[in-house]
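>>> next comes the sequence, and after it the predicted model I'd like to discuss.
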Amino acid sequence: MTAATGRRLHPATIGGFVSLVVVTALALLPIAIIVFTAFKPVANSVLFAGGVTLFALVFDSLAAYALARIDFRGRRVLLVAIIATLMIPFQATLVPVYQLVSNLGWVNTFAGLIAPRAADAFGIFFLRQFFLAIPRELDSAARIDGAGEFRIYRSIVLPNAIPALMTLGVFIFVNNWNDLLWPLVFTTEQSMGTLTSGLTLLTGPGGIIPYGVMMAGSLVAVVPLVIGFLFVQRRFIESIATTGLK
Amino acid sequence: MTITAPRRRPYRAPAPLGGRARAPHRRRPGLKASVFLFPAIVILGAFVVWPMISALRLSFTDASGFGAVHWVGLENYVRVLSDPKIRESVVNTVIYTATFTPTAVLAALVLALLVNNPRMPFASFFRTALFVPFMVSLAVGAFAWSYLIDPQVGLLNYWLGAVGIHLGNVLEDPTLALPAVAMVAVWKSFGFYFVIFLAGLQDIPRSLYEAATVDGANWWNRFRFITVPMLSNTFAFVLVFAVIAALQAFDQIYVMTGGGPYGHTQTIVMEIYESGFRRLELGFASALSYVLLIATLLLSLIQFAFFSRRERDLS
């Protein structure tokens, strides 16, 4: 009690303090490791799914704008070609895609995980369908005022397509977050693994599934998506309410 | 295709006073479009089209991942068409598609119409709740369903047993296994189609319905003459995607049955996976992929031809 209230710390107190710090640090180290190890796959999932979503929304909407709004030759042929790529089962191209990513030195990198999916036929077709429904009179009005294509894309088509962009963004994010084969193929190091690919490690080769542990892990994989969707859902309704009112 | 061929120009509004007389973007639509298309084309070209060409080359070889690769001509394709195991997987895929597609699309459409009703209580809750299964990975969902229909501990089996329906071991039953894995895919996918239908329904201007109501149109007439034609684009979109998804069935089958019992849930993509990634018969797997690709392409072209004709008839 006197040592605690006194101005100078007794050397024994300092020694005790240091040993307390060391012991506490050691005691918490395993907890810290649990937290970091647990968040690593979550962070990987967020960066992978989030990166794909961001790039795909930009590149898909640009392409969809050209296909919906610019009258260029071969537009129909290009649209059919893009839709045709959608019909390619990705298991069929997985080996050549892996070879390509490997040649670029992108295995076990986010570039390798994200780049092959930074644009997709599904998103282009989906956004094109929505862009077609946006009245062309709006473009003509902007064009008369001297707006260029990019200006029309950014200031007229995109703001009018916010519900579609959000819908597509949710779809792309969820698909990649849940994807199994893709991260399993393109990440060989466990430190790069995503939450979903990590879960499969629980299923042993013997085929015996620990249902309880599996469901606990699945819950961790599902909860962020549900919370995220609830957030988007609210904005979804708002944007529909504002764009729906004439 | 010749440069001198006369081109139909889009209507050009007269330039405003003091404005630029000729904006360059209106004179070079191809150039403008290519700037917008460039990133997507590069990605799709490098990671979809080029690998597909590589796969086509592989399909005429005996490539196995190891050793020398030999040109074998059409041998892989002959095997695809003659192997009774492959034929069975084709039949299974057709049955699966015929089960999955109408069930998922109709369920999604009916639910979207119900939730879109402005007087429906808790509509936003239903919209969120019905979409939730789509956010769960099909593999994880398949584990949950295996657990639910487990003959010993399955809750669903227990409840159905209480009302006198005894399913037994569904995933070991040769007649029930395929519809069961199709229904797991319906459970996973209908929320996706549901949200697309809902977005399509919300794109229909409310003023159309108001005008029709003023003119005395009843519920059925508003549905038949406003909703159906305005939704046909969305419907085409959903149908194409449902069929394509069905033809590529894999995840839940891999998790739940592994293609069994006795190959009764073996689909084309399961066959591609097993030959390509298990037995490393890359050449044969590529040939099988091409057969699937061509079948999918033909189906989609038929659908698109049908729907674009209908769109023209309507306008």
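Happy to help now that I have it.

>>> for residue A:84, see how far away the residue nearest the centre of chain B is.
When C-alpha atoms, centre = their mean is applied to chain B, the residue found nearest the centroid is residue B:241 (2.4 Å). From residue B:241 over to residue A:84 the distance is 14 Å, taken as C-beta to C-beta, to the nearest Å. Just so you know, the C-beta spots here come from the backbone N, C-alpha and C atoms, and that holds for glycine as well.

>>> hang on, the earlier thing: which strand or helix spans the residue nearest to the centre of chain B?
helix B:228-247 (DSSP states H and E).

>>> in CSV, list the C-alpha atoms belonging to the helix or strand harbouring residue B:273.
Per DSSP H and E: residue B:273 is located in helix B:268-273. Coordinates of each C-alpha in helix B:268-273 appear next as CSV, following Å, rounded to 0.1, in the frame of the first residue of the first chain:
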residue,chain,number,x,y,z
ILE,B,268,-22.1,-34.3,-67.4
VAL,B,269,-20.0,-31.8,-65.3
MET,B,270,-19.5,-34.5,-62.7
GLU,B,271,-18.1,-36.7,-65.5
ILE,B,272,-15.9,-33.8,-66.7
TYR,B,273,-14.6,-33.3,-63.2
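
>>> if you count neighbours, what's buried in that helix?
Within helix B:268-273, the residues scored as buried using 16 or more other C-beta atoms under 10 Å in any protein chain shown are B:268, B:269, B:270, B:271, B:272, B:273.

>>> show me what it is packed up against.
helix A:90-103, helix B:84-116, helix B:251-256, helix B:282-314 (3 or more C-beta pairs under 8 Å, 6 or more residues apart in numbering or on different chains; DSSP states H and E).

>>> any chance you could list what contacts that helix?
Contact with helix B:268-273 is made by A:89, A:91-92, B:85-86, B:89-90, B:93, B:247-250, B:253-254, B:259, B:285, B:288-289, B:291-292, as judged by C-beta atoms under 8 Å, 6 or more residues apart in numbering or on different chains.

>>> how does it look with 10 Å?
With contacts defined as C-beta atoms under 10 Å, 6 or more residues apart in numbering or on different chains, helix B:268-273 is touched by A:89-92, A:94, A:181, B:80, B:83, B:85-86, B:88-90, B:92-94, B:96, B:247-251, B:253-254, B:257-259, B:263, B:267, B:276, B:284-289, B:291-292, B:295-296.

>>> what subset of those residues is buried?
Buried, going by 16+ other C-beta under 10 Å: A:89-92, A:94, A:181, B:80, B:86, B:88-90, B:92-93, B:96, B:247-251, B:253-254, B:257, B:259, B:263, B:267, B:276, B:284-289, B:291-292, B:295-296, out of the contacts of helix B:268-273.

>>> for the longest helix that chain A contains, the averaged confidence score.
Scanning chain A for the helix with the most residues, using DSSP state H, yields helix A:11-69. Helix A:11-69 shows a mean pLDDT of 91.

>>> that one near chain B at all?
Yes. Helix A:11-69 is in contact with chain B by C-beta under 10 Å from any C-beta of the partner chain, via A:55-56, A:58-67, A:69.

>>> do stretch A:99-112 as well
Yes. Under the criterion of C-beta under 10 Å from any C-beta, chain B is reached by stretch A:99-112 at A:99, A:100, A:101, A:104.

>>> model confidence for residue A:7, exactly?
Looking at residue A:7, its pLDDT is 67.

>>> can you check residue A:229 too?
The model's pLDDT for residue A:229 equals 72.

>>> secondary structure element for it?
Going by DSSP H and E, residue A:229 is in helix A:211-244.

>>> and stretch A:195-212, average pLDDT?
65.

>>> how far does it stretch from start to finish?
17 Å (C-alpha to C-alpha, to the nearest Å).

>>> just stretch B:161-168 next, same as before
Length of stretch B:161-168, first residue to last, C-alpha to C-alpha: 9 Å.
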